[in-house]
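*Asks:* Have a look at this fold, sequence not included:
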């Protein structure tokens, strides 16, 4: 088909940008011109995928979610910052592409307000990318996440509802907020295998489970255990809810004087020096090449969000999930345990003996390992970047582009 101009709309977040880069890179390789809206922190990765960066300033540069989740007005503040983030994305896209509108808008599920309103603004077809669970009339990931926080739908919070009604009205939309929220695009690219999806049998041909893309991987990254053949544990709390030095100290203490090698990715907010002296078989770094460590890992201990989980599944590594520090991980951690791909570490067992016991039990569980290997097959046979690009091109053809 003839090359088209595609706008990809995303937030500034590893778990949202990285899953899309494979499809974006493949579309760019096929000659399409990609404008990719995200935060400047991802400019290098987006450019490497063959897209042109359209930057915006994220509200989360100054809004630190862990500082807010425990507040009495957390529900209102978290909903409002979400709307402000979408508004910032809207304004950046409209300004940057005022004289160069796209032929198609592809948007990540998190900035879906901005994505759908931009498609309305330019009267263009839209595609939704989703690195988490797909949503339809039977299942809502948003509602599951709100429930994990104990929050209501934004439309049920009066001040938030007013802001949303005003935002939709700017674009000539008078659809009730809840109805607008649940409307489904004609094409949805899901960066998960269908076997991992909740209620997979309820999703029709509008949903393409292309599986995860690992476009954010650093190709020349390497990691080797110091002792060949040693069992390896990779520990990560992700990029946001990771300021828990006591937890990392617990993991270090759990495996001191054992054959295990422990690699802890502690994030950019936590200084490794605050952990104090570590056993010689334990290392702590702000960042590690996840897949390079997973090549050697026996078990992975994570919050349970889909990005890290899919990385582990792709490498055939069982997981211990503990979403206690990040309630947004709860629905995904629950699904992982439900499918028998790992264990959950109970909150009352986060102590050296509890951590070590569950990790060693999982390492010895051959039934879990077999299920993980079946999920690895599903991940690798979902079609990935090529399938995602094929479906988007076919959709543009159906739309007359």
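*Replies:* Yes, it's here. Every value quoted in this text rests on a predicted model; they were computed, and no experiment measured them. Numbers count the residues shown, from 1 in each chain.

*Asks:* switch to C-alpha atoms for all contacts and neighbour counts from now on
*Replies:* Noted.

*Asks:* got the buried residues for stretch 29-43?
*Replies:* Buried positions in stretch 29-43, judged by neighbour count with 16 or more other Cα atoms under 10 Å: 32-39, 42-43.

*Asks:* JSON lines please, covering these and showing secondary structure.
*Replies:* Below are the buried residues of stretch 29-43 laid out as JSON lines (DSSP: H, G, I helix; E, B strand; the rest coil):
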{"residue": "32", "secondary structure": "coil"}
{"residue": "33", "secondary structure": "strand"}
{"residue": "34", "secondary structure": "strand"}
{"residue": "35", "secondary structure": "strand"}
{"residue": "36", "secondary structure": "strand"}
{"residue": "37", "secondary structure": "strand"}
{"residue": "38", "secondary structure": "strand"}
{"residue": "39", "secondary structure": "coil"}
{"residue": "42", "secondary structure": "helix"}
{"residue": "43", "secondary structure": "helix"}
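
*Asks:* Farthest from the middle of the protein: give me that residue.
*Replies:* In the chain, the greatest distance from the average C-alpha position (Cα atoms, centre = their mean) is reached by residue 257, at 35.0 Å.

*Asks:* three-state assignment of it?
*Replies:* Relying on three-state DSSP, one would call residue 257 coil.

*Asks:* do you know how far it is from residue 188?
*Replies:* 49 Å (Cα to Cα, to the nearest Å).

*Asks:* where does this protein dip in pLDDT?
*Replies:* 215-220, 239-243, 268-269 (pLDDT under 70).

*Asks:* after the lengthiest helix in it comes which helix or strand?
*Replies:* Identified as the longest helix of the chain according to DSSP state H is helix 74-96. Next along the chain after helix 74-96, taking DSSP states H and E as the criterion, comes strand 104-108.

*Asks:* Give the buried residues for that next one.
*Replies:* Using 16+ other Cα under 10 Å as the test for burial, strand 104-108 gives 104-108.

*Asks:* ok and that strand relative to strand 33-38, angle-wise?
*Replies:* Interaxial angle of strand 104-108 relative to strand 33-38 (axes from the mean of the first three to the mean of the last three Cα atoms, to 10 degrees): 30 degrees.

*Asks:* Quick check: closest non-adjacent residue to residue 49.
*Replies:* residue 25 (4.5 Å; Cα to Cα, 6 or more residues apart in numbering).

*Asks:* Now do the helices in the stretch 151-300 of the chain.
*Replies:* 158-170, 177-182, 245-254, 290-294 (DSSP state H, counting those that start in this stretch).

*Asks:* quick check, distance from the shortest one to the centre of its chain.
*Replies:* Relative to the mean C-alpha coordinate of its chain, helix 290-294 is positioned 17 Å out (Cα atoms, centre = their mean, to the nearest Å).

*Asks:* and if you look at stretch 385-397?
*Replies:* With Cα atoms, centre = their mean, you get 21 Å for stretch 385-397.

*Asks:* So which residues make contact with that stretch?
*Replies:* Here stretch 385-397 makes contact (Cα atoms under 8 Å, 6 or more residues apart in numbering) with 1, 22-24, 26-27, 104, 127, 187, 189, 208, 210, 213.

*Asks:* do the same with stretch 145-160
*Replies:* Contacts of stretch 145-160 (Cα under 8 Å, 6+ apart): 75-76, 79-80, 143, 161, 164, 177-178, 327-328, 330-331.

*Asks:* If you count neighbours, what's buried in that stretch?
*Replies:* Counting neighbours by 16+ other Cα under 10 Å, one finds that the buried residues in stretch 145-160 are 145-147, 149, 151, 153-155, 160.

*Asks:* Please apply the same query to stretch 70-77.
*Replies:* 74-77.

*Asks:* now the buried residues of strand 104-108 in CSV, with distance to residue 382?
*Replies:* Listed next are the buried residues of strand 104-108 as CSV, based on distance: Cα to Cα, whole Å:
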residue, distance to residue 382
104, 24
105, 24
106, 20
107, 21
108, 19
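
*Asks:* Out of the residues you listed, which comes closest to residue 5?
*Replies:* Nearest to residue 5 out of the buried residues of strand 104-108 is residue 104 (Cα to Cα; 6.8 Å).

*Asks:* That closest one contacts residue 3, correct?
*Replies:* No: look at residue 104 against residue 3 with Cα atoms under 8 Å: they stay out of range, at 11.5 Å.

*Asks:* For the residue nearest to residue 49, what is the enclosing helix or strand?
*Replies:* Using DSSP H and E, residue 25 falls within helix 14-29.

*Asks:* And that helix, what does it pack against?
*Replies:* Packing partners of helix 14-29 (3 or more Cα pairs under 8 Å, 6 or more residues apart in numbering; DSSP states H and E): strand 33-38, helix 306-314, helix 384-398.
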